[in-house]
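# Turn this into a structure:
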Amino acid sequence: MRAALALTLALLPALLPGLLAPPASAAPPADRPSAAVSSKEAGVGGSITVNGQGWRPHTLLTLLICGQNMIGGTNSCANGDGRTATTDDHGAFRAPLPVAEPPTPCPCVVHVATVTGQAAAADAAFKVAGHPVAPLPQDVSAGRLAVLAQPRLTGSSGLLTWFGAPPQRELTVTLGNLGSAPAKDPAFKVGTSHGVFAPKWENQQWHGTVPAGRKAEVKLPVELAAGAHGDYLVSLKYGDRLLVEQPWEVGRPWGMTLFWLLLCVVVPTTVFRVGMAVVNHRSRPPTAPPGGTTDPPGATTVLPWFAPDAAPRRPSA
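The predicted structure follows:
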């Protein structure tokens, strides 16, 4: 008994730190990105100060004033009057933001989001004085999809496209679900327009689920008509909300131009050669029978119609 007690007292200093240490699951969670404004209401032409904490250090952020709680994504924001800010070593920032009217009614928010790297965003309630206010849509829980990153068109044109085949690309968009319900197999409308013409919409369904509060990368195919070239605009709609407008510069199918150019040169040349062969055949003198004379002495040879002069006389035998 005394030996066991002595052994316990000897091992107690070594076991005491492990017993007093907190479990791994008790570690405090990382700070979530947050945003706050210096004033809850201001008029157009004024300025407010936006500050935040919990962001990644040395991260570039965008600051926008958006209407309708940014339900329609960045299309509901005053993008032309936005500002950027960079977080410090501790993930905090403080930057001024001019007050501007968003394209949609209030309730409004100041939306802060990362530009590069892992997507993160935070909103702060704000009221633009004098700006109209409208109630929010009723079905906001049925998948409030918003664009979180710059869309892009991936893919390249092949050899067939150079000869007039339909140009094809893949529209890649990072969407976040801001609602409280998952968006399962959302249906989109992909439109393409050229110049002043209205977009031609095509219904496309993306097979997948965007959980509430999460994001997903959506890829949808885009195809133009055969021989299309010039400046096009690719649009993406979810319901009645326009999410994306991405320009697309389509190169000219120079293979078709080269084909028609060669056709315009080869066909006339071939016709000319065939016509010349026919003329030469019809103007050729008849062949003398075996043992007979070909031409009498002093006779002249008749040339084709395009050579009016007579050929030199053949010497007599």
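# Leaving out the residues flanking it, which one is nearest to the spatially most central residue of the chain?
Taking Cα atoms, centre = their mean, the centroid of the chain lies closest to Arg152, which sits 2.5 Å from it. Take Arg152 and drop its neighbours on the chain: the residue closest to it by Cβ to Cβ, 6 or more residues apart in numbering is Thr172, 5.3 Å away. C-betas here are computed from N, CA, C, even on glycine.
# helix or strand for that neighbour, which one?
Counting by DSSP states H and E, the element that carries Thr172 is strand 168-177.
# and the residue nearest to Cys66 when sequence neighbours are not counted, how many residues sit next to it?
Setting aside the residues directly before and after it, Cys66 is nearest to Cys77 in space (Cβ to Cβ, 6+ apart), at 3.9 Å. Applying other Cβ atoms under 10 Å, we find 26 residues neighbouring Cys77.
# Could I get the pLDDT score of Cys77?
pLDDT for Cys77: 91.
# My understanding was that Ser235 contacts Arg241; is that so?
No: with contact defined as Cβ atoms under 8 Å, Ser235 does not reach Arg241; the gap is 11.3 Å.
# How are the helices of this structure distributed by residue range?
If DSSP state H is used as the criterion, the helices of the chain fall at 2-20, 159-162, 254-283.
# How far off centre is the second one?
In other words, helix 159-162. Averaging C-alpha positions (Cα atoms, centre = their mean, to the nearest Å) puts helix 159-162 21 Å from its chain's average.
# do the longest one as well
Going by Cα atoms, centre = their mean, the spacing between the C-alpha centre of helix 254-283 and its chain's C-alpha centre is 45 Å.
# average model confidence for that helix?
Helix 254-283 comes out at a mean pLDDT of 78.
# Repeat that for stretch 50-66.
94.
# Okay, buried residues for it please.
Buried positions in stretch 50-66, judged by neighbour count with 16 or more other Cβ atoms under 10 Å: 50-55, 59, 61-66.
# could I get it in PDB with only the CA atoms?
Extracted C-alpha coordinates of stretch 50-66, given in PDB (Å, rounded to 0.1, in the frame of the first residue of the first chain):
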ATOM      1  CA  VAL A  50     -17.100  50.900 -42.400                       C
ATOM      2  CA  ASN A  51     -15.000  48.700 -40.100                       C
ATOM      3  CA  GLY A  52     -14.800  45.000 -39.600                       C
ATOM      4  CA  GLN A  53     -13.000  42.200 -37.800                       C
ATOM      5  CA  GLY A  54     -12.400  38.500 -38.200                       C
ATOM      6  CA  TRP A  55     -11.200  38.600 -41.800                       C
ATOM      7  CA  ARG A  56      -8.100  37.000 -43.200                       C
ATOM      8  CA  PRO A  57      -5.000  39.200 -42.900                       C
ATOM      9  CA  HIS A  58      -3.900  41.200 -45.900                       C
ATOM     10  CA  THR A  59      -7.100  40.500 -47.800                       C
ATOM     11  CA  LEU A  60      -8.700  42.800 -50.400                       C
ATOM     12  CA  LEU A  61     -12.300  43.500 -49.800                       C
ATOM     13  CA  THR A  62     -15.100  45.300 -51.700                       C
ATOM     14  CA  LEU A  63     -17.600  47.600 -49.900                       C
ATOM     15  CA  LEU A  64     -21.000  48.200 -51.600                       C
ATOM     16  CA  ILE A  65     -24.300  49.700 -50.600                       C
ATOM     17  CA  CYS A  66     -27.100  47.300 -51.800                       C
END
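# Which pLDDT does the model give the residue nearest to Lys215 when sequence neighbours are not counted?
Spatially, and ignoring its direct neighbours in sequence, Lys215 is nearest to Gly176 (4.3 Å; Cβ to Cβ, 6+ apart). Note on Gly176: pLDDT of 89.
# So what sits opposite Gly176 in the bridge?
Ala146, Lys215 (DSSP bridges).
# Ok, Trp201 next?
Residues in beta-bridge contact with Trp201 (DSSP bridges): Gly191.
# so how many other residues sit close to it?
Trp201, neighbours per other Cβ under 10 Å, totals 14.
# Then the one 3 residues further on?
Here the neighbour count serves as a burial measure; for Gln204 (other Cβ under 10 Å) it reads 16.
# And the pLDDT for it?
Confidence for Gln204, expressed as pLDDT, is 90.
# wait, isn't it in contact with Asp185?
No: contact between Gln204 and Asp185 fails when scored by Cβ under 8 Å: they sit 11.2 Å apart.
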